[in-house]
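Engineer: Kindly return the folded structure for what I paste below:
(one chain, ligands or ions: 1)
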Amino acid sequence: MMVNQYDWDYGTQSVWAGEDRYLLQGATQVPVVHSVSFGYSDIDDWYDVALNKQEGHIYARNTNPTVDAFEEKVRLLENAEAVTSSSTGMSAISNTLFALLSSGDRVVSIKDTYGGTNKIFSEFLPEFNVDVELCDTTDFEAIEREIEKGCDLLYLESPTNPTLKIVDLDRLVTAAKREDALVIVDNTFATPINQHPLALGADLVIHSATKFLGGHADALGGVVCGPKELVDKVYHFREINGSTLDPMSAYLLLRGMKTLDLRLKQQEASALEIAHYLERQPLVEEVFYPGLPSHQGHDIAAQQMEGFGSMLSFSLKGGLDAVREFLPTLNHAHLAANLGAVETIASIPRTSSHVESSAEERKAMGIPEGLIRYSTGVENTEDLIADLDQAFEKLSEKQLEYTNR
Ligand SMILES: *Cc1c(COP(=O)(O)O)cnc(C)c1O
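Structural biologist: Got it, this is the predicted structure:
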């Protein structure tokens, strides 16, 4: 087990880390501070805080104690020098890109980034004269070639959404460093329990805290960790554009994080069993889960991750028509766009993560139209399998009906 700067296990750290200094008057929980501004009776103190010579807060668009406590917990889990947060995962991603890129820069990335990120690459950055090259996600040689052609920023994500492709972070970080390129990794699917891109040489790691960090599907947030010099630039852009994390959301995310390790253990144990179960189902066409030895990226995942996570996807024989029949018959799954929550969530990429992509674009990304993304929750494993079982039974009855007609 990797240890962090406290020498605590990650499970212990997710419960305790980063909170002590924010506790008030013996309270055992971090307060939710809703104040927009912070008053000073001494003008010189106020001025020193404004100049960053003294710790403190001035205005909540910039900093807030509850937000600080949340950020600190993530920073410690990622073992990073510095951290900043923002209102959503997408604002964390766009703030980072817009804070660090300039006109004329060249970005190399992969085709399988999160749908919103993909839109920034294809729609917005080109408007600012930033050239973006999107490579086949698992063709590492092609990605290396593109990096060698000139690269200011390499942007990666692993495992990817929704087909759980695994990107060889070590190999691509090494290639990027030869070109002095910055490397940014979206670590949302892996979580700071299972993968540490900074330890592999990445410069910045980003999370949509909305997903596993919060874990309860009740708060949006984003976070960026890395060296102070880079994080300060992202923070500066964020304090000016105003995409600040709300204190109540920061509190919910922080509270959710206390069980991050605990949740993940149950979720990924279930995910592995479910993936094996799905592989045996006659109505399933293909199962995507990095924990399966049959998965294309299994070996790399086993090397760079400490666990395979709780996200999996599978395609049904019969495509979208079968999905339409199958999904509503699940009893233990929200049919919704979110992931990483305590409840199991089933979704289809064509209505959630990749709703903005055209059918051709989804095809180019290798996303079957009949794909179901399954975010395994913390429910009892046998209950989840029984639920899938009854849904498959109904689907096969339905299909028999059709063939007998
Ligand atoms: C959800 C998600 C995002 C975007 O996060 P929001 O909080 O919804 O803005 C970015 N990357 C990945 C991998 C995601 O799953």
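Engineer: Name the nearest residue to the residue in the stretch 251-400 of the chain that the ligand sits nearest to, ignoring sequence neighbours.
Structural biologist: At 6.1 Å from the ligand, L339 is the closest residue in the stretch 251-400 of the chain, using Cβ to the nearest ligand atom. C-beta here means a position set from N, CA and C on the backbone, and glycine is covered the same way. Among residues not flanking L339 along the chain, S375 sits closest, at 3.9 Å (Cβ to Cβ, 6 or more residues apart in numbering).
Engineer: dump the residue contacts of that neighbour.
Structural biologist: Shown in contact with S375 (Cβ atoms under 8 Å, 6 or more residues apart in numbering): 310-311, 338-341, 344-347.
Engineer: For the stretch 51-200 of the chain, just list every one of the helices.
Structural biologist: For the stretch 51-200 of the chain, the helices defined by DSSP state H, counting those that start in this stretch cover 65-78, 89-100, 115-119, 140-148, 169-178, 191-194.
Engineer: Sorry, wrong one. I was asking about the stretch 251-400 of the chain.
Structural biologist: Secondary structure of the stretch 251-400 of the chain (DSSP H, counting those that start in this stretch): helices at 260-279, 298-304, 319-326, 359-364, 381-404.
Engineer: among the ones you listed, which is the most enclosed?
Structural biologist: Stretch with highest mean neighbour count among these: helix 260-279 (a mean of 20; mean count of other Cβ atoms under 10 Å).
Engineer: list the helices and strands it packs on?
Structural biologist: helix 10-16, helix 191-194, strand 284-288, strand 311-316, helix 381-404 (3 or more Cβ pairs under 8 Å, 6 or more residues apart in numbering; DSSP states H and E).
Engineer: Check which helices and strands the last one sits against.
Structural biologist: Translated: helix 381-404. Using 3+ Cβ pairs under 8 Å, 6+ apart, helix 381-404 sits against helix 260-279, helix 319-326.
Engineer: Identify the bridge partners of the residue nearest to L339.
Structural biologist: Here S375 sits in beta bridges with M311, I345, as judged by DSSP bridges.
Engineer: Quick one: neighbours of F308, just the number.
Structural biologist: Number of residues near F308 (other Cβ atoms under 10 Å) recorded here: 24.
Engineer: so what's it up against?
Structural biologist: 194, 268, 271-272, 289-291, 301.
Engineer: again, but for I184
Structural biologist: Listed by Cβ under 8 Å, 6+ apart, the contact set of I184 reads 96-97, 153-156, 202-206.
Engineer: Out of these, flag the one nearest to Y47.
Structural biologist: Distance ranking of the contacts of I184 against Y47, using Cβ to Cβ, places T96 first at 30.3 Å.
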